[in-house]
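**Q** kindly generate the corresponding structure for this input.
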Amino acid sequence: MTKNAVFNTDSFLLEDPNELISTDKWQKTVNLLAKLFDAPASFLVQYTQKGFQITIASEQETNPYPAGIIIEPEVNIFCRRIVETRQQLYVSNALLDSCWDSNPEVYNDGFRSYLGVPVFWPSGEPFGTFCVMDFKETDYQATYLELIRHLRDILESDLSLIGAYAEMQRLAITDPLSGVNNRRGFNILAEQRIKLAQRTESQLGLLYLDVDNFKAINDEHGHGVGDDVITLIGMVLTQSVRQSDVVGRVGGDEFVALVMYDVKEELASVKHRIAAAFCSHHQLERLPVFTVSIGITDASPSASIAELLDLADRDMLQRKRKVTD
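**A** Numbers count the residues shown, from 1 in each chain. Down below sits the predicted model:
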């Protein structure tokens, strides 16, 4: 995925993962589809110009297609019809329609029935298909067609989350001086990130950064140099965290970063990485040497953004006092 893009519709997710997407939840949804339809196979298939890739395959011994398989874009498969028409497709018995005579799913692997619905990116471009297949003829009633559409909506809701993230980036929620989110932008994106972490059971931490004696920098070197310091902080923070982490400027010289981690030691590593980056940039940017104080707190899923900011701010102030005492 490119640095500035939230999602890339020309790249397969399996080759270019997005941390905002929970493929574990997608796997459960695909498995549930096969179970509810009592079918031997179900899939989430992604389409790009390179072809059709099975992103998620139901976990059954009867399923001949594992995740990761890519089918050439010109092959006459059921999913291709859905992407071309952007419409739902139900084939109860493919042997009764000669248009599927060259479909390898039918004549090589023995599938007879196919029910699939289109899945779209938030931009409206086709993501691919959500489908269920059977080796025997089927007679799905209207309730089954409604069911697969509802399950498809679960998958599209995750893609909509990415779209919302992209939209927030597009809107004027960035601080023009530092290049990171302003307070409003940070609050909006942080709330989304916390909700996603709750769903995926990820761990988040909040770092609160403040420049030591920032007023003295402005007084001694001028506000133009002070602005350059703010710009540098935004650049360093952005380069020091993941693209999916949320960085914001919440005050004159106060910055925050909501970061995901697997083990708690990673939070301290991020802090040290940020501090080290400032040291290396001082000479390059020809700025006066300055120090920062960084507070850290775990992002409890039950806490509000305001509460988390307050906790991290207190930790930062305590660390600042220890340095000055």
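**Q** return the set of buried residues in stretch 120-139.
**A** Buried residues in stretch 120-139, defined by neighbour count with 16 or more other CB atoms under 10 Å: 120-122, 126-134, 138. To be clear about C-beta, it is placed using only N, CA and C from the backbone, and glycine gets the same treatment.
**Q** can you list these in TSV and add pLDDT, secondary structure and distance to residue 207?
**A** TSV is the format used below for the buried residues of stretch 120-139 (pLDDT from 0 to 100; DSSP: H, G, I helix; E, B strand; the rest coil; distance: CB to CB, whole Å):
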residue	pLDDT	secondary structure	distance to residue 207
120	94	strand	36
121	90	coil	32
122	83	coil	30
126	94	strand	39
127	95	strand	34
128	97	strand	37
129	97	strand	41
130	97	strand	39
131	97	strand	43
132	98	strand	45
133	98	strand	48
134	98	strand	52
138	97	coil	54
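**Q** which one of those residues is nearest residue 190?
**A** residue 122 (20.1 Å; CB to CB).
**Q** was I right to think that closest one contacts residue 160?
**A** Yes - look at residue 122 against residue 160 with CB atoms under 8 Å: they come within range, at 5.4 Å.
**Q** the stretch 1-150 of the chain: strands as residue ranges?
**A** In the stretch 1-150 of the chain, the strands defined using DSSP state E, counting those that start in this stretch lie at 41-48, 51-57, 70-71, 89-91, 113-120, 126-134.
**Q** and of those, who's closest to residue 260?
**A** Using CB to CB, these put strand 51-57 closest to residue 260, at 22.0 Å.
**Q** what mean pLDDT does that closest one get?
**A** What strand 51-57 shows for mean pLDDT is 97.
**Q** residue 64 versus residue 204, what's the distance?
**A** Distance of residue 204 to residue 64, given as CB to CB, to the nearest Å: 40 Å.
**Q** who's more crowded, those two?
**A** Between residue 204 and residue 64, residue 204 has the larger neighbour count (other CB atoms under 10 Å), namely 23 against 17.
**Q** let me see the contact set for the residue nearest to residue 291 when sequence neighbours are not counted.
**A** Leaving aside its chain neighbours, residue 291 sits nearest to residue 212 (4.6 Å; criterion: CB to CB, 6 or more residues apart in numbering). Counting by CB atoms under 8 Å, 6 or more residues apart in numbering, residue 212 touches 290, 291, 292, 293, 320, 323.
**Q** contact partners for the second one?
**A** Each residue near residue 291 by CB under 8 Å, 6+ apart is listed here: 211, 212, 278.
**Q** got it, and residue 178?
**A** By CB under 8 Å, 6+ apart, the contact set of residue 178 is 230, 231, 233, 234, 235, 249, 255.
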